[in-house]
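# generate a structure from the sequence data that follows.
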Amino acid sequence: MKISLNVEADSVNVLALNMGKIAVEVDGIELAQLIDVVNDNNSYFLRIADEPGKLVVEDPLPPIAHFTGIQCSTAHITEGDNTLLRTLSQPHQPFDDTEWNHYTGSGYLIRLDAWAFPLLQLKRRGLSRACRKLVVTLIRRYGIACIHLDAFAETLPCFPTFNW
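Numbers count the residues shown, from 1 in each chain. I've put the predicted structure just below:
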């Protein structure tokens, strides 16, 4: 979460900590007023923690309302995967693969949460091992429910790319 504020204070002291973290001391600002301003201008709610070092961010939306996804380049899939995804995204009959695989014009939006076992479904349809490995790694690392493979997106480091 990024917060941008313009603060008028008596003094501001910044102390560099480990791993890129900083501690900021602001004199002349009431913490309760600062939290109120942040809460008025943000979809999240901040409150003072019960113990030092504990981060408390309250979200008014239920967890089921959050939809996590990643966008990456189609260079991470093979030419065969591209052809197969294009075929699967074309409507043939009601309740076919277009329910979870959507052609976006420059790539594919794959809803992984449409199936109980999405990797098994991708394997049954014939997607390559490289494509399935990309998907399973992203699911395990980031808990994604959707992947957008786009020709104009960035490539992800540490994943193989294919020149087709």
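# which of the helices or strands spans residue 120?
Following DSSP states H and E, one finds residue 120 within helix 118-124.
# can you spell out which helices and strands pack onto the helix or strand following that helix?
Tracing the chain C-terminally past helix 118-124 and defining elements by DSSP H and E, one meets helix 129-142 next. Contacts defined by 3 or more CB pairs under 8 Å, 6 or more residues apart in numbering; DSSP states H and E place helix 129-142 against strand 69-73, helix 118-124. (C-beta placed from N, C-alpha, C; glycine too.)
# doesn't residue 130 make contact with residue 162?
Yes. Judged on CB atoms under 8 Å, residue 162 makes contact with residue 130 at a distance of 7.4 Å.
# shared neighbours, those two?
76, 77, 78 (CB atoms under 8 Å, 6 or more residues apart in numbering).
# so which of those residues comes closest to residue 144?
residue 76 (13.8 Å; CB to CB).
# who's in contact with that closest one?
By CB under 8 Å, 6+ apart, the neighbours of residue 76 are 130, 131, 134, 149, 155, 156, 159, 160, 161, 162.
# which stretch of helix or strand covers residue 14?
Applying DSSP H and E, one finds residue 14 within strand 11-16.
# now do the helix or strand immediately after that strand in the chain against strand 11-16, angle only.
Per DSSP H and E, the first helix or strand lying C-terminal to strand 11-16 is strand 22-27. Angle of strand 22-27 versus strand 11-16, following axes from the mean of the first three to the mean of the last three CA atoms, to 10 degrees, is 170 degrees.
# contacting residues around residue 92?
residue 98.
# residues in contact with the nearest residue to residue 17 once chain neighbours are set aside?
Leaving aside its chain neighbours, residue 17 sits nearest to residue 23 (5.9 Å; criterion: CB to CB, 6 or more residues apart in numbering). When contacts are counted by CB under 8 Å, 6+ apart, residue 23 touches 14, 15, 17.
# who does residue 23 bridge with?
residue 15 (DSSP bridges).
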